[in-house]
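1. Need coordinates for the below:
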Amino acid sequence: MRYVNARDVLPPEILTEVQKYLCGELIYIPKKENDKAGWGQINGTRAQVTLRNRDIAEAYRSGVSVYELMDLHCLSEASIRKIIYNKIFIQEKNA
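-> Residues are numbered from 1 along each chain as shown. Sure, this is the predicted structure:
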């Protein structure tokens, strides 16, 4: 996020109105709700986690134990079990 001078981007009448409430202060103006990217969408993290979770579920189906998956992916037992449950039991029932 970068600093932008309001004088450079706002029409004078809007700047005057904003100055009634904040003068010389910094203000954060959030993006519109429909302009926000979801978690991990911009940097690709979401896609990486989705792929990892699919791989975990497939490995479990192939006979890899929960404990082996914990060591392989550096995740807790609870995390591995949650991924397996969500990928195998929840998503397959909804498919």
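
2. Just the element for residue 24, please.
-> For residue 24, there is no host helix or strand (DSSP states H and E).

3. Now do it: how many residues are near it, please.
-> 5 (other CB atoms under 10 Å). The way it works is simple: take the backbone N, C-alpha and C, and place the C-beta from them, glycine included.

4. Need phi/psi at it.
-> phi 80, psi 10 (degrees, to the nearest 10).

5. Contact partners for it?
-> Counting by CB atoms under 8 Å, 6 or more residues apart in numbering, residue 24 makes contact with nothing.

6. Same check on residue 55?
-> So residue 55 contacts nothing (CB under 8 Å, 6+ apart).

7. tell me which residues in the host helix or strand of it are buried?
-> Using DSSP H and E, residue 55 falls within helix 45-61. Along helix 45-61, these residues count as buried under the neighbour rule (16 or more other CB atoms under 10 Å): 53, 56-57, 59-60.

8. can you tell me which of those residues lies nearest to residue 17?
-> residue 53 (48.5 Å; CB to CB).

9. okay, that closest one: pLDDT?
-> We note a pLDDT of 95 for residue 53 in this prediction.

10. For this structure, which segments count as helices?
-> 6-9, 12-19, 45-61, 66-73, 77-84, 91-94 (DSSP state H).

11. Tell me where this structure is predicted with low confidence.
-> For the chain, the stretches flagged by pLDDT under 70 are 1, 35, 91-95.

12. Give me the domain ranges for it.
-> Annotated domains of the chain cover 6-30, 45-94 [automatic domain parsing].

13. Ok, which of those comes nearest residue 37?
-> domain 45-94 (9.5 Å).

14. quick revisit: including distance to residue 38, could the helices of the chain go into a markdown table?
-> Supplementary listing: the helices of the chain in a markdown table, determined by distance: least, CB to CB, whole Å:
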| stretch | distance to residue 38 |
| --- | --- |
| helix 6-9 | 27 |
| helix 12-19 | 30 |
| helix 45-61 | 7 |
| helix 66-73 | 23 |
| helix 77-84 | 19 |
| helix 91-94 | 18 |
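
15. so which of these comes closest to residue 31?
-> helix 6-9 (14.8 Å).

16. and that closest one, C-alpha only, in PDB?
-> This file holds the C-alpha atoms of helix 6-9, laid out as PDB (Å, rounded to 0.1, in the frame of the first residue of the first chain):
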ATOM      1  CA  ALA A   6      -5.700  13.400  -1.400                       C
ATOM      2  CA  ARG A   7      -5.200  16.700  -3.200                       C
ATOM      3  CA  ASP A   8      -3.800  14.700  -6.200                       C
ATOM      4  CA  VAL A   9      -6.800  12.300  -6.500                       C
END
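
17. Thank you kindly, that will do.
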